[in-house]
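Chemist: With the sequence up front, the predicted model follows.
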Amino acid sequence: MAKEFEPNIIGFLCNWCSYAGADLAGTSRMKYPPNIKSIRVMCSGRVDPVFVLEALRKGADGVLIGGCHPGDCHYQSGNYKANRRMKLLKKLLEELAIDPGRLRFEYISASEGAKFASVATEFVDQLKKIGPNPLKEVKK
Amino acid sequence: MVDEKTLRDAVKKTVGRKDVKYVVGYDKGTTGFQAAPTFAYEEKDAEKFVFNPTCVNNLAVYPMLEDKPPLRKGEEPDTRKIGIVLKGCDSRAIVQIIQEKGLKREDVVIIGIPCTGVIDPKKLKVKFPGQHKSVEVKYDNDKFAVTVDGKTQKFSKDELMPEKCKECEYPTPIIHDILIGKEIKGVKKPDYKEIEGFEKKSLDDKWKNWEKEFDKCIRCYACRQACPMCYCKECMVEILDPQWVRRSVNLSENTAWNLLRAFHLAGRCISCGECERSCPMDIPLMKLNKKITKDIHEMFDYKAGVDAEAKPLLAMFKPDDPEEFIL
Ligand code: SF4
Ligand code: SF4
Ligand code: SF4
Ligand code: FES
């Protein structure tokens, strides 16, 4: 019997917002798929595209980056810059035949447990449609 | 046509200045279809300077190669300037480096060449296979005159020019201290038809294309060495802990290298084409660079290397950056 494909997601979540948001979703016992492995970063601006690529190369099917809402970044503009960077990275991934839908940037605040849960659910569904990450198999 | 006497005089005058360390330009080279970078440390060295269609290298790499060793007690830092001979496209590298604060405007003396296009050595190599001795290429109105073994042949410019020259927007250096000859107005525009065609392909087809290209990569990093914008003190591929890009030469690592290289040049690449020219495996790196240049222009209305006062693309943002709501 074929098991349904369960995507593996790496979440780089900002300490001040999305990470706490994820925590809230957990402590308030909201239902969301357990596919996300969270890595706490001090700001979404800390996420170097090389992290995303490494996650994809190590077998993640999707990468979620969670940052503070516009204007709320504790370091002024880390989230805006991260957003710019990830938009560009998406274009580049697409050019090199990696589905840009595997990368997602979201603004999730510390009080938005429900948003975190819904983003997670949506992202998992989306990745199920896209399918397993082919990059895993590129390795020779 | 660039008058070489005027060029040599300019080099002489520049290197004669007390505050100039050396001038880097081109001499006629010893092999094949390429002029070679050369240096003038004193006035008489200026005699060997030339400018012709084989002057392809972007010399903007040189000021970034200057070592700044720690000073001994009581030693003064060497603040002398570096003189560089630059074509229009090359000058954008210096503009971009100044924008990134890698150099100050006063660190360089720019001898600008209003340029009517250079040759693509790879294209000439195809026409004269096995040619190792130095060959003469001259401007001949709207043609290139190539002299091999005493015989001169004329080629139309389009036949021998690299793509970048066919769509050159800035033939005259954007910044310069001395200009050799008259300014040439840029009338051409980049042509994104090929890029747009490729964008429409399926992910599978795209990968088939890049797989074949990246598979060839031998990770010599010539593309990096030739690139004026790759001036990091320590390149990410040399970092061992964490080692983002492994040293093994295989499709996976090659892809990682090429993707990260392209990303690091996003919003910084000034389209001089040096990476592609220097790639011994003929990987069409400009296709990747051009795609990103196009996206950046469309998404952020930004162009690298034209305004030294502007902020670098990834160091700034606009609150109204395009948002995408795709699922
Ligand atoms: S120059 Fe070509 S072969 Fe060498 S590392 Fe760059 S892309 Fe690879
Ligand atoms: S990436 Fe290539 S075209 Fe762009 S600046 Fe570097 S060498 Fe020039
Ligand atoms: S590839 Fe990246 S890290 Fe390496 S020199 Fe170029 S810009 Fe710097
Ligand atoms: S502190 Fe949360 S995104 Fe910068």
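Modeler: Received the coordinates, thanks. Ligands and ions are numbered 1, 2, ... in the order given.

Chemist: where do the strands sit along chain A?
Modeler: Assigned by DSSP state E, the strands in chain A fall at A:9-14, A:36-41, A:62-67, A:103-107.

Chemist: List the strands paired with the first one, with their directions.
Modeler: Paired with strand A:9-14 in the same sheet, following DSSP bridges, are strand A:36-41 (parallel), strand A:62-67 (parallel).

Chemist: pLDDT on the last one, on average?
Modeler: For strand A:62-67, the mean per-residue pLDDT is 96.

Chemist: ok so, going back, switch the strands paired with strand A:9-14 over to CSV; also include distance to ligand 3 and mean neighbour count.
Modeler: Heads up, the C-betas are built off the backbone N, CA and C, glycines and all. Written out in CSV, the entries for these read as follows (distance: least, C-beta to the nearest ligand atom, whole Å; neighbours: other C-beta atoms under 10 Å in any protein chain shown):
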stretch, distance to ligand 3, mean neighbour count
strand A:36-41, 21, 17
strand A:62-67, 20, 27
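
Chemist: Can you tell me which of the ones you listed is nearest to ligand 1?
Modeler: Between ligand 1 and those, the tightest spacing by C-beta to the nearest ligand atom is seen for strand A:62-67, at 25.4 Å.

Chemist: Doesn't residue B:23 belong to a strand?
Modeler: Yes: secondary structure assignment places residue B:23 in a strand (DSSP: H, G, I helix; E, B strand; the rest coil).

Chemist: Okay, and the beta partners of it?
Modeler: When bridges are assigned using DSSP bridges, the partners listed for residue B:23 are residue B:40, residue B:83.

Chemist: In this structure it contacts residue B:111, no?
Modeler: Yes: in terms of C-beta atoms under 8 Å, residue B:23 counts as a neighbour of residue B:111; the distance is 7.2 Å.

Chemist: can you list residues touching both of the two?
Modeler: Common contacts of residue B:23 and residue B:111, defined by C-beta atoms under 8 Å, 6 or more residues apart in numbering or on different chains, comprise B:11, B:14, B:83-85.

Chemist: Same list (those residues) but as a markdown table, adding distance to residue B:149.
Modeler: Supplementary listing: these in a markdown table, determined by distance: C-beta to C-beta, whole Å:
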| residue | distance to residue B:149 |
| --- | --- |
| B:11 | 31 |
| B:14 | 36 |
| B:83 | 35 |
| B:84 | 34 |
| B:85 | 29 |
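
Chemist: now, the most widely separated pair of those residues?
Modeler: Farthest-apart pair in these is B:11 and B:84; separation 10.4 Å (C-beta to C-beta).

Chemist: quick one: which of these two has more around it?
Modeler: Neighbours were counted for residue B:11 and for residue B:84 using other C-beta atoms under 10 Å in any protein chain shown; residue B:84 has more, 29 against 25.

Chemist: Quick check, pLDDT for that one.
Modeler: In the prediction, the pLDDT value recorded for residue B:84 is 97.

Chemist: looking at it, it is touching residue B:58, isn't it?
Modeler: No: here residue B:84 does not reach residue B:58: they are 9.8 Å apart, not a contact under C-beta under 8 Å.

Chemist: re earlier: if we take the shared contacts of residue B:23 and residue B:111, which one ends up nearest to ligand 4?
Modeler: Out of the shared contacts of residue B:23 and residue B:111, the member with the shortest distance to ligand 4 (by C-beta to the nearest ligand atom) is residue B:84, at 39.9 Å.

Chemist: Contact partners for that closest one?
Modeler: Residue B:84 is in contact with B:23-25, B:59-60, B:62-63, B:94, B:108-111, counting by C-beta under 8 Å, 6+ apart.

Chemist: Mutual contacts of residue B:11 and residue B:84, please.
Modeler: Contact criterion C-beta under 8 Å, 6+ apart; residues shared by residue B:11 and residue B:84: B:23, B:25, B:111.

Chemist: which among those gets closest to residue A:134?
Modeler: Where the shared contacts of residue B:11 and residue B:84 are concerned, and distances follow C-beta to C-beta, residue A:134 has its nearest neighbour in residue B:25, at 48.4 Å.

Chemist: what ranges do the helices span in chain A?
Modeler: If DSSP state H is used as the criterion, the helices of chain A fall at A:18-27, A:49-57, A:78-95, A:113-130, A:135-138.

Chemist: Same question for the stretch 151-300 of chain B.
Modeler: B:157-160, B:163-166, B:193-199, B:203-216, B:222-226, B:251-264, B:274-278, B:285-300 (DSSP state H, counting those that start in this stretch).

Chemist: In the stretch 151-300 of chain B, which residue sits closest to ligand 4?
Modeler: In the stretch 151-300 of chain B, the residue found nearest to ligand 4 is residue B:300; the distance is 19.7 Å by C-beta to the nearest ligand atom.

Chemist: Tell me how many other residues crowd the nearest residue to residue A:43 once chain neighbours are set aside.
Modeler: For residue A:43, ignoring the flanking residues on the chain, the nearest one in space by C-beta to C-beta, 6 or more residues apart in numbering or on different chains is residue A:78 at 4.0 Å. Taking other C-beta under 10 Å as the neighbour definition, residue A:78 ends up with a count of 22.

Chemist: How confident is the prediction for residue A:78, by pLDDT?
Modeler: Looking at residue A:78, its pLDDT stands at 93.

Chemist: isn't it right up against residue A:41?
Modeler: No: counting by C-beta under 8 Å, residue A:78 does not reach residue A:41; the two are 9.6 Å apart.

Chemist: Report the set of residues contacting both of these two.
Modeler: Contact with both residue A:78 and residue A:41 is made by residues residue A:14, according to C-beta under 8 Å, 6+ apart.

Chemist: mind putting the helices of chain A in a markdown table, distance to ligand 4 included?
Modeler: As requested, the helices of chain A are arranged in a markdown table below (distance: least, C-beta to the nearest ligand atom, whole Å):
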| stretch | distance to ligand 4 |
| --- | --- |
| helix A:18-27 | 7 |
| helix A:49-57 | 15 |
| helix A:78-95 | 3 |
| helix A:113-130 | 14 |
| helix A:135-138 | 27 |
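
Chemist: Good, we can wrap up now.
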